Every structure is written in structure tokens, then in C-alpha cells.
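**Student:** dropping the sequence and predicted coords here.
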Amino acid sequence: MIQLETAQLQRTPIFEGVSAQVIEQFLASSPKTIRSYKNGNIIAMQGDICRSIYMLYCGKVYGSMVNSDGKQIIIDRITGPLLLAPNFLFATDNVFPVTAEVVSNEAIVLIINKDRFIRLMQEQPQILKNFLKVLSDRSNFLAAKINTFALKSLQTRLANYLYDSDSFIDSTKESQQNIADRMGVTRPALNKAIAKLVEQGCIELNKGKISVINKGKLKILL
């Protein structure tokens, strides 16, 4: 049986500033499910109805979209503890906008009853305030994504991605195909952008892997 640690739950933004006692009482009195996933498992598919609060208790997840032609774009990389798709729980069209796939050895997800969570926010103003902040932060994130995909050049988007890569991956290297998926472009288009950054001394390419060698030069391009 999976045991949840209150200290870990307090690290998630939704429970920021909330006492351990409140969290423990909530969990003890709430309908909930705790699920364990392995690397490569799907937590939710794009288009699935979102009826409950999904909290990634621990682990890492990629959120990706697939269009009608089968083209995949990686939208987000999430490390627990963090809520999954909180923006869409109360939406008119309340479906998961992305497919959530586990990319760590294990991920544990806490699924909380929606109606009970609403009552919790009514009972605990701090949690309501936290939830509104989470929604606002996600809106800012999505707005930044739109700006990145629609208004910036591929070279600038690539430079931005590589500059921030330490926030998302353990290594400074990432396969070209993964980056192409994240950028939402073809490999040939990505290769041209990579070649320009190599020429400028920002990165180096070795056996299909990209290594950042000068983050200062990358920053100038942002």
C-alpha cells in the first residue's frame, strides 16, 4: 500500500501555507485513489474527460499533443508534486488537452474527488487562493507557449529551450528528435537551426547529441 507523506504534499503549490493537520484530515475524509505508474505508462490520454483532481505526487511526466496527422508536440514537462491539468477541471469542455506520459522510473498520482475538493476550498480560503494562483500561473505559461510557437523564430525558440534545459532535464544533452517534437518542427528544419547555433559557438553536436557549451551566447539570442 502506498503511503503519502504530508511533507511532500505541502511542497505542491495547492497546499502551500496549509497545515499538516488540515491536509491529513482532508485525505482521511475524502474519496480518493492512489495509483502507481511505470516509465512509459499513460496517466491520461488527450481528449479524456477530466472529472477529478489529478496530483502528481512524485515522478516526471511529459504532456504532449498529437494532431490528426499523427504529429506529436511536447507541450510541457512536469515534475511532482504538482497538479495535472488544473485549468480544465471546471471547464465547459473539461477534457485533458494533452496526453500525460510517465518518463521517470515511477510516478505516483493522487486522484481526488472533485466535489470534495470544492468543499475543501470553501472550508479553507488559503487553498482556494492557492488554486486561483495555480490557474493564473498556468494561464501565463500557456500565453508564453503561444508567444514562443507563433511569434519567435525557430532559432530563437531553440536557443530559449536549450538555455532553460537544466530546468527540465538532468543532463545538458537531449536527442534531436525529442527537441524537434518539443519545437513542433521537422528534423530538417531543426538541423538548420542547430547548424547556425553550432557556427555561433553556442552548442556542439556529437553523435546526434546536443551539448550546450556557452549559455552566455545563447542568452544573447533570446
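**Tutor:** Great, that's in hand.
**Student:** next helix or strand past the lowest-mean-pLDDT helix or strand in the chain?
**Tutor:** Least confident element among the helices and strands of the chain, by mean pLDDT, DSSP states H and E: strand 173-175 (a mean of 60). Scanning forward in sequence from strand 173-175 by DSSP states H and E, the next helix or strand is helix 176-183.
**Student:** report all helices and strands that that following helix contacts.
**Tutor:** In terms of contacts (3 or more Cβ pairs under 8 Å, 6 or more residues apart in numbering; DSSP states H and E), helix 176-183 is packed against strand 72-79, helix 154-163, helix 187-199. The way it works is simple: take the backbone N, C-alpha and C, and place the C-beta from them, glycine included.
**Student:** again, only using 6 Å
**Tutor:** Judged by 3 or more Cβ pairs under 6 Å, 6 or more residues apart in numbering; DSSP states H and E, helix 176-183 is in contact with strand 72-79.
**Student:** what lines up beside the strand it packs on in the sheet?
**Tutor:** Strand pairing for strand 72-79, using DSSP bridges, gives strand 60-66 (antiparallel).
**Student:** tell me the buried residues in the strand it pairs with?
**Tutor:** Of the residues in strand 60-66, Lys60, Val61, Tyr62, Gly63, Ser64 count as buried by neighbour count, 16 or more other Cβ atoms under 10 Å.
**Student:** now the two most distant members of the residues you listed.
**Tutor:** Largest separation among these by Cβ to Cβ: Lys60 and Ser64, giving 13.3 Å.
**Student:** what do those two both touch?
**Tutor:** In terms of Cβ atoms under 6 Å, 6 or more residues apart in numbering, Lys60 and Ser64 are not both contacted by any residue.
**Student:** now do Pro86 against Lys133, distance only.
**Tutor:** Distance, Pro86 to Lys133, by Cβ to Cβ, to the nearest Å: 11 Å.
**Student:** neighbour count: those two, which is higher?
**Tutor:** Pro86 (19 against 13; other Cβ atoms under 10 Å).
**Student:** how close does the residue lying closest to Tyr54 once chain neighbours are set aside sit to Gln21?
**Tutor:** Of all residues not flanking Tyr54 in the chain, Leu84 sits nearest, at 4.1 Å (Cβ to Cβ, 6 or more residues apart in numbering). For Leu84, the distance to Gln21 (Cβ to Cβ) stands at 26 Å.
**Student:** which of these two has more neighbours?
**Tutor:** Using other Cβ under 10 Å, the more surrounded residue of Leu84 and Gln21 is Leu84, with 23 against 9.
**Student:** tell me which residues touch the more buried one, please.
**Tutor:** Tyr54, Leu56, Ala100.
**Student:** out of the residues you listed, who has the most neighbours?
**Tutor:** Tallying neighbours with other Cβ under 10 Å puts Ala100 at the head of the contacts of Leu84, with 25 neighbours.
**Student:** that one reaches Tyr62, doesn't it?
**Tutor:** No - with contacts counted by Cβ atoms under 6 Å, Ala100 stays clear of Tyr62, the gap being 7.5 Å.
**Student:** distance of the residue of the chain positioned farthest from its centre relative to Gln155?
**Tutor:** Distance to the chain centre peaks in the chain at Glu199, reaching 31.6 Å (criterion: Cα atoms, centre = their mean). Look at Glu199 and Gln155: by Cβ to Cβ, they are 11 Å apart.
**Student:** now stretch 126-134: average pLDDT?
**Tutor:** In this model, stretch 126-134 has a mean pLDDT of 96.
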